[in-house]
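Engineer: Provided below are the primary sequence and the corresponding predicted coordinates.
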Amino acid sequence: MILLHKPQIQLFPSYMQFIVEMQKLGEVIWEDLIPKGPETPEIFINRLIRSQTKPEPNRVAESTYWAVIGDDVVGRICLRHELNAQLREFGGHIGYEVRPTFRRKGLTKEMLRNLLTAPETKSIGRILITCAPDNIASNKTILANGGKLTEKRYVERFKRDTNYYWIDVGHE
């Protein structure tokens with residue numbers, strides 16, 4: 001069973017192994033997902049937790065969770081509490097990654113389902129998730145969690161087509 005945990009110092013080594021696995025495959029790692037320069041693990045984790053209530057300039061409040069099975073961080077999922085113009089164009093309310101050695105096991109679907117039922121997600125009401133049309137796994141994950149494809153358009157800034165899904169989660 002997969003559990004979503006706020007970032008924790010005891011999980012940091014496993015989290016970094018997850019990041020290294022992605023880097024070895026040449027996958028894009030968003031810079032806010034890794035410690036910046038001289039950040040210690042403690043400072044990095046505090047930054048992630050602080051972003052829930054005090055986001056960095058030009059950012060929105062977001063809650064980060066590490067998906068854990070046993071002692072292994074197998075993924076990361078983030079809820080952005082609101083949308084700005086950039087997130088409406090690309091990114092949406094939720095972003096996620098799964099550790100390469102744990103892919104193709106339905107974990108992303110479970111991670112997303114767990115986050116969609118959380119009170120902080122339900123308080124938003126309607127959730128936007130974007131993904132590339134050729135990312136079959138992500139498209140299936142979003143559809144399996146009630147996503148409705150409302151638009152597909154080219155995003156110039158990333159030079160790619162993007163699918164726009166909305167999921168109604170209701171207000172609590």
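Structural biologist: Nice, thanks for sending it over.
Engineer: tell me where the chain has helices.
Structural biologist: Assigned by DSSP state H, the helices in the chain fall at 12-24, 41-50, 85-89, 107-116, 119-122, 136-144.
Engineer: how far away is the residue of the chain most remote from its centre from Gly70?
Structural biologist: Distance from the C-alpha centroid of the chain, by CA atoms, centre = their mean, peaks at Pro38 (24.1 Å). Counting by CB to CB, to the nearest Å, the gap from Pro38 to Gly70 is 31 Å. (Each C-beta comes from the backbone N, C-alpha and C, glycine too.)
Engineer: next one: Pro41
Structural biologist: With distances taken as CB to CB, Pro41 is found 20 Å from Gly70.
Engineer: have a look at the chain and report its longest strand.
Structural biologist: The longest strand of the chain (DSSP state E) is strand 160-170.
Engineer: now do it, average pLDDT.
Structural biologist: Mean pLDDT, computed over strand 160-170, is 94.
Engineer: can you check stretch 86-103 too?
Structural biologist: 94.
Engineer: now the end-to-end length of that stretch.
Structural biologist: End-to-end distance for stretch 86-103, by CA to CA, to the nearest Å: 28 Å.
Engineer: could you dump the helices of the chain into JSON lines with mean neighbour count and distance to Ile34 added?
Structural biologist: Output for these, formatted as JSON lines (neighbours: other CB atoms under 10 Å; distance: least, CB to CB, whole Å):
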{"stretch": "helix 12-24", "mean neighbour count": "16", "distance to Ile34": "6"}
{"stretch": "helix 41-50", "mean neighbour count": "16", "distance to Ile34": "8"}
{"stretch": "helix 85-89", "mean neighbour count": "13", "distance to Ile34": "20"}
{"stretch": "helix 107-116", "mean neighbour count": "20", "distance to Ile34": "19"}
{"stretch": "helix 119-122", "mean neighbour count": "14", "distance to Ile34": "24"}
{"stretch": "helix 136-144", "mean neighbour count": "17", "distance to Ile34": "21"}
